[in-house]
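J.: Sequence below, structure please.
(chains A, B, C and D)
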2 protein chains.
Amino acid sequence: MPSSNRHVEPRRKPRQVRAELTRDRILTAAAHVFSEHGYAAGTTNRIAEQARVSIGSLYQYFPNKDAILAELLVRHVDRGRWDQGDRLDLSPGTLEQVVRALVRDAVDNHRDDPQLLRIMVEEGQFSDELRETITRHGAQRVAQVRELLARHPDVHVRDLDTAADLIVFTVELNTHRLAASPQTGSIETFENELVDMVTRYLRG
Amino acid sequence: MPSSNRHVEPRRKPRQVRAELTRDRILTAAAHVFSEHGYAAGTTNRIAEQARVSIGSLYQYFPNKDAILAELLVRHVDRGRWDQGDRLDLSPGTLEQVVRALVRDAVDNHRDDPQLLRIMVEEGQFSDELRETITRHGAQRVAQVRELLARHPDVHVRDLDTAADLIVFTVELNTHRLAASPQTGSIETFENELVDMVTRYLRG
DNA sequence: GCAAAACCTGAGCAAAAGCTCATAATAGTG
DNA sequence: CACTATTATGAGCTTTTGCTCAGGTTTTGC
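T.: Here you go, the predicted model:
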């Protein structure tokens, strides 16, 4: 392929509704194709085909393939920010209730397309700026959970930082897996056990 | 690229030592290149270059790119099988000791090249047969852990199957992460917390 | 209704990557 | 040493794929 990343800025800015629609069709198709075939095998032609749009149209709205993935990631992060603090901030109740809220939050955040998220995080070649955003986003969440734990009287662990890190990651990954693979056991059972594990850990 | 997977059988069978050596050089180089650049960007030419071997030689021992990854995976699985039961079978001691052994085992199993393992599992396009092998291998391990838990008097969980599944996966994934990313905190601290989490969970 | 702007199309170009094959070099054998 | 089997080489063929551009269609503004 020709050297990627030649253009960096977006192309045309949609001015008509149908253009906005086309853009959305492309993004939806891209999400579908990427999560189905992976980033490398998700060709731009395949995306255009899936979107029922000509390849030319695709390149009117996105300077290159990377930009499409980047846009998908930005959208995901934005949506995450939207309902971020809601459930967690000042969430009261027993430790178990807090943990359960945490798990539910993670599940909700991955409901749309877990495969895609995985690909975005693991296969995408992003700019340093975007990578920075991702990292900061993760760190922010860990910090948020840390504060939550610090405030709860029932939490007894040696090191709050490590604990927050550990449980955020554990919940995240198990959620990934739960959503991604056709699970053998029931979802509720798994959620209960996960909540139990984290809760008992935090209780000391 | 030309349609992959045209040949399925291996090519030449090495009859001289130097051939065996070349084959090994290729595999070693492939492991290096794949874990460095990912599967898609790990080109066969790059592998050959890294192995200081001509591209022609590479294709004398491997029918196509996929076969190289497949061979790497087979080798990994075989090596895993080798020291599988050793530490775990009939491992005595407190629950915490058992769990710690479990964690150490996972760490050891990923020590060689965690990046590569990730790529093999997540980016590789394997035959159904090979996928079957991977799945069976995982299920076997879960079953093994399940038995271990069943035997220990201090284990109190609602559902042994789910518990075994949960902790195998959790330990696995956290190990992945620990090994793959330049960790912020110390390794020991993280291991201790992970062990604590699992132990407290199992204790009920 | 009409011109301009916005939008869409898809054949095809150029680079990249998988892979082949004719030929050369090396190792084994008597 | 001579002869054969095995192994190694790398220029280059072929396919794939990211992406362009010349030209057509639709929408908007007047």
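
J.: Closest approach to chain B from chain A, which residue is it?
T.: In chain A, no residue comes nearer to chain B than residue A:40, which is 3.2 Å away by C-beta to the nearest C-beta. C-beta: built from backbone N, CA, C; applies to glycine.

J.: For chain A, which residue gets nearest to DNA strand C?
T.: Per C-beta to the nearest atom of the strand, residue A:56 is where chain A lies closest to DNA strand C, at 1.7 Å.

J.: For the residue of chain A closest to chain B, which three-state class applies?
T.: coil (DSSP: H, G, I helix; E, B strand; the rest coil).

J.: What residues does chain A have near DNA strand C?
T.: Residues of chain A found near DNA strand C (C-beta under 7 Å from any atom of the strand) are A:1-3, A:12-16, A:18-19, A:21-22, A:45, A:53-57, A:59-60.

J.: Among those residues, name the buried ones.
T.: A:22, A:53, A:57, A:59, A:60 (16 or more other C-beta atoms under 10 Å in any protein chain shown).

J.: Tell me if I'm right that residue A:164 and residue A:140 touch.
T.: No - between residue A:164 and residue A:140 there is no contact under C-beta atoms under 8 Å: 11.5 Å.

J.: for chain A, which spans come out with low pLDDT?
T.: A:1-12, A:80-91, A:182-184 (pLDDT under 70).

J.: still on that earlier bit, the strand or helix carrying the residue of chain A closest to DNA strand C close to DNA strand D?
T.: Secondary structure assignment for residue A:56, by DSSP states H and E: helix A:55-61. Yes - judged by C-beta under 7 Å from any atom of the strand, helix A:55-61 and DNA strand D are in contact via A:55, A:56, A:59.

J.: For the residues you listed, please prepare TSV with the additional fields distance to chain B.
T.: Formatted as TSV, the residues of helix A:55-61 next to DNA strand D follow (distance: C-beta to the nearest C-beta, whole Å):
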residue	distance to chain B
A:55	19
A:56	24
A:59	21
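
J.: Is residue A:176 in contact with residue A:116, as I believe?
T.: No - if you go by C-beta under 8 Å, residue A:176 and residue A:116 don't touch, sitting 11.3 Å apart.

J.: For residue A:110, give me its contacts.
T.: By C-beta atoms under 8 Å, 6 or more residues apart in numbering or on different chains, the residues touching residue A:110 are A:117, A:175, A:176, A:179.

J.: wait, residue A:179 sits on residue A:107?
T.: Yes - contact criterion C-beta under 8 Å: residue A:179 and residue A:107 qualify, at 7.2 Å.

J.: domain ranges for chain A?
T.: A:17-62, A:69-203 (automatic domain parsing).

J.: would a markdown table of these with distance to residue B:30 be doable?
T.: Output for these, formatted as a markdown table (distance: least, C-beta to C-beta, whole Å):
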| stretch | distance to residue B:30 |
| --- | --- |
| domain A:17-62 | 17 |
| domain A:69-203 | 19 |
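
J.: so which of these gets nearest residue B:126?
T.: domain A:17-62 (13.2 Å; C-beta to C-beta).

J.: chain center to that closest one, what's the gap?
T.: 19 Å (C-alpha atoms, centre = their mean, to the nearest Å).

J.: Show the end-to-end separation of it, please.
T.: For domain A:17-62, the first-to-last residue distance is 17 Å (C-alpha to C-alpha, to the nearest Å).

J.: for chain A, longest helix please?
T.: In terms of residue count, the longest helix belonging to chain A (DSSP state H) is helix A:128-151.

J.: Could you check that helix against chain B for contacts?
T.: No - Helix A:128-151 stays clear of chain B (C-beta under 8 Å from any C-beta of the partner chain), getting no nearer than 9.6 Å.

J.: What is whichever strand or helix holds residue A:49 packed up against?
T.: Residue A:49 is part of helix A:44-50, with elements assigned from DSSP H and E. Judged by 3 or more C-beta pairs under 8 Å, 6 or more residues apart in numbering or on different chains; DSSP states H and E, helix A:44-50 is in contact with helix A:17-37, helix A:55-61, helix A:65-82.

J.: Could you list the residues in contact with that helix?
T.: A:26, A:29-30, A:32-33, A:37, A:54-55, A:57-59, A:65, A:68.

J.: For chain A, which residues are neighbours of chain B?
T.: Checking chain A against chain B by C-beta under 8 Å from any C-beta, the hits are A:38-41, A:118, A:122-123, A:157-159, A:161-163, A:165-167, A:169-170, A:173-174, A:177, A:184-185, A:189-190, A:192-194, A:196-198, A:200-201, A:203-204.

J.: Alright, that wraps it up for me.
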